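Visitor: Sequence isn't available, so here's the structure alone:
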């Protein structure tokens, strides 16, 4: 009698999970709901759009770190293996912060890999393993894109009175990415000068 329950009239029916296989979309991507933040809908929409682009790039960078963490080889294997994993974790935290800011502004954050791939401006790497200097250079280039876009978006948000978005971009995104660029760039300095 497993998976069966008695009903009030003595008959037995099977316990069956009810799955909501189809349901209506509560909020479409690109649509904003009003969150009563003291910001105009236009300001929120502009910040959401910019943040979604930065989010897609940040998710792509995060995944580049994990790819390179798994595929690193050579004399700097151990150091870069650990560094890539540390930077992956820090980028994961930024992903969450950016996505939450988008939701807080009344928007919908990009979330699925296929949607991220369409939105990101970071070049797709080859599937195979690359040499360590190529990995590091690819990561620095991705960071640079995020830094440029974050500074632009932060300035626009600040000019529009959206100091929360500006603060997130400057205090978290820019500072984290600048520090990671520094750590990576030091791996590109030649050991022997000719």
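Guide: Okay, I see it. Fair warning: this is a prediction, and the values are worked out from it, not measured in the lab.
Visitor: mind listing the strands in the chain by residue range?
Guide: 4-6, 12-14 (DSSP state E).
Visitor: Now tell me which of the ones you listed the model trusts least on average.
Guide: Mean pLDDT is lowest for strand 4-6 among these, at a mean of 54.
Visitor: Output the contacting helices and strands for the longest helix seen in the chain.
Guide: Counting residues, the longest helix in the chain under DSSP state H turns out to be helix 41-71. Packing contacts for helix 41-71, counted by 3 or more Cβ pairs under 8 Å, 6 or more residues apart in numbering; DSSP states H and E, involve helix 77-104, helix 113-119, helix 132-159, helix 163-167. C-beta here means a position set from N, CA and C on the backbone, and glycine is covered the same way.
Visitor: In TSV: these, plus distance to residue 41, mean neighbour count and mean pLDDT.
Guide: Converted to TSV, the helices and strands packed on helix 41-71 look like this (distance: least, Cβ to Cβ, whole Å; neighbours: other Cβ atoms under 10 Å; pLDDT from 0 to 100):
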stretch	distance to residue 41	mean neighbour count	mean pLDDT
helix 77-104	14	17	97
helix 113-119	22	13	97
helix 132-159	15	19	97
helix 163-167	14	18	98
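Visitor: Cool, thanks, signing off.
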